[in-house]
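>>> generate coordinates for the sequence data below:
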Amino acid sequence: MKTNPNLSQLIQKGYCVFPRVLNLSLKNRLIKATNKLLDNLTDKDKELSGSQGSIFDMTYQDPAFQDLIFLPKALESLKSLGFTSVKYWSGHDSGVRYEDPKTSLAYDRHHREIDVPIKSGDLLIGDARILHSTNSNETDQRRTVMTLWFLPRYNELSDIIKRGFSKYLYKPLPDSLSSDQMKKMKKILIDDMPGSKIPEFDRIPIFFINNINTSNKMEKQ
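Residues are numbered from 1 along each chain as shown. The predicted structure is shown next:
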């Protein structure tokens with residue numbers, strides 16, 4: 001059986017890269033859309049972003065975002081890894097961003113940490129369970145990162161887990177979307193599954209961070 005090098009790397013290292021997935025036209029539309037949103041952020045919005053730059057959710061503010069979420073070449077890349085029941089849900093934990101980069105061990109370099117260089121337009125697929133970050137921007141130019149979260153094997157999840165994602169992460173589509181965009185997005189969004197049995201949900205790794213702090217303190221003593 002022929003091996004899939006990208007899948008092997010994803011399993012062994014937690015990431016793989018697909019070059020030149022984003023076309024120039026969509027990239028320019030995304031730059032324009034994100035710049036507009038970033039320029040309109042208030043000081044309070046920036047403060048809420050913590051120490052990780054200026055952060056905002058993509059909540060269908062611009063048609064370019066829907067085109068990115070449903071980008072055929074990106075979905076084909078996921079399919080090539082064996083992920084045929086992909087669902088989009090977006091989001092990010094909010095724990096580490098409120099840690100002080102000057103004092104928190106969460107921002108320390110780790111001896112097994114590696115840099116993954118990519119070019120504008122490349123698609124980096126990573127396992128969300130891997131600790132991940134970007135290096136600080138040392139230039140005076142804006143450096144925008146767009147992170148999309150997908151459930152790669154949604155159909156294999158139990159109903160109770162699906163209901164959990166539905167309760168905590170499902171966002172109804174706005175009426176402002178065109179009928180074509182509405183139809184596309186409904187195909188890839190997690191299902192709206194109300195129900196009484198909802199699992200406990202916590203995406204903030206405070207327990208893990210606290211244990212790292214405790215472990216490092218013990219090593220230093």
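>>> okay, now the unreliable bits of the chain?
1, 52, 91-98, 195-196, 199-221 (pLDDT under 70).
>>> which residues of it fall in strands?
Listed in chain order, the strands of the chain (DSSP state E) span 15-18, 87-88, 123-126, 150-151.
>>> what are the pairing partners of the third one, and which direction each?
Just to be clear, that refers to strand 123-126. Next to strand 123-126 in the sheet, as set by DSSP bridges, lie strand 15-18 (antiparallel).
>>> quick one: the helices in the chain?
5-13, 24-39, 43-48, 63-69, 72-80, 159-169, 179-188, 206-220 (DSSP state H).
>>> in a markdown table, list those along with distance to Arg109 and mean neighbour count.
Quick note: C-beta positions are derived from backbone N, CA and C, even for glycine. Putting these into a markdown table (distance: least, C-beta to C-beta, whole Å; neighbours: other C-beta atoms under 10 Å) gives the following:
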| stretch | distance to Arg109 | mean neighbour count |
| --- | --- | --- |
| helix 5-13 | 18 | 13 |
| helix 24-39 | 28 | 14 |
| helix 43-48 | 26 | 11 |
| helix 63-69 | 31 | 19 |
| helix 72-80 | 30 | 15 |
| helix 159-169 | 31 | 17 |
| helix 179-188 | 36 | 13 |
| helix 206-220 | 13 | 11 |
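>>> go through those helices and name the closest to Thr134.
Across those, Thr134 has its closest neighbour in helix 24-39 (15.4 Å, C-beta to C-beta).
>>> send the alpha carbons of the closest one over as CSV?
Output of helix 24-39 as CSV, limited to C-alpha atoms (Å, rounded to 0.1, in the frame of the first residue of the first chain):
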residue,chain,number,x,y,z
LEU,A,24,-3.6,35.6,-5.4
SER,A,25,-7.1,37.0,-6.0
LEU,A,26,-8.6,35.6,-2.8
LYS,A,27,-5.4,36.5,-0.8
ASN,A,28,-5.8,40.1,-1.8
ARG,A,29,-9.5,40.1,-0.9
LEU,A,30,-8.6,38.6,2.5
ILE,A,31,-5.9,41.2,3.1
LYS,A,32,-8.3,44.0,2.4
ALA,A,33,-11.0,42.5,4.6
THR,A,34,-8.8,41.8,7.6
ASN,A,35,-7.1,45.2,7.3
LYS,A,36,-10.5,46.9,7.5
LEU,A,37,-11.5,44.9,10.6
LEU,A,38,-8.1,45.5,12.3
ASP,A,39,-8.1,49.2,11.5
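>>> hmm, who's touching it?
22, 54, 56, 61-62, 64-65, 67-68, 71, 120-121, 142, 144, 146 (C-beta atoms under 8 Å, 6 or more residues apart in numbering).
>>> circling back: of the strands of the chain, which is nearest Asp192?
Using C-beta to C-beta, these put strand 87-88 closest to Asp192, at 11.9 Å.
>>> list the helices and strands that closest one packs on?
Judged by 3 or more C-beta pairs under 8 Å, 6 or more residues apart in numbering; DSSP states H and E, strand 87-88 is in contact with strand 150-151.
>>> helices and strands around the strand it packs on, which ones?
Strand 150-151 makes packing contacts with strand 87-88 when contacts are defined by 3+ C-beta pairs under 8 Å, 6+ apart.
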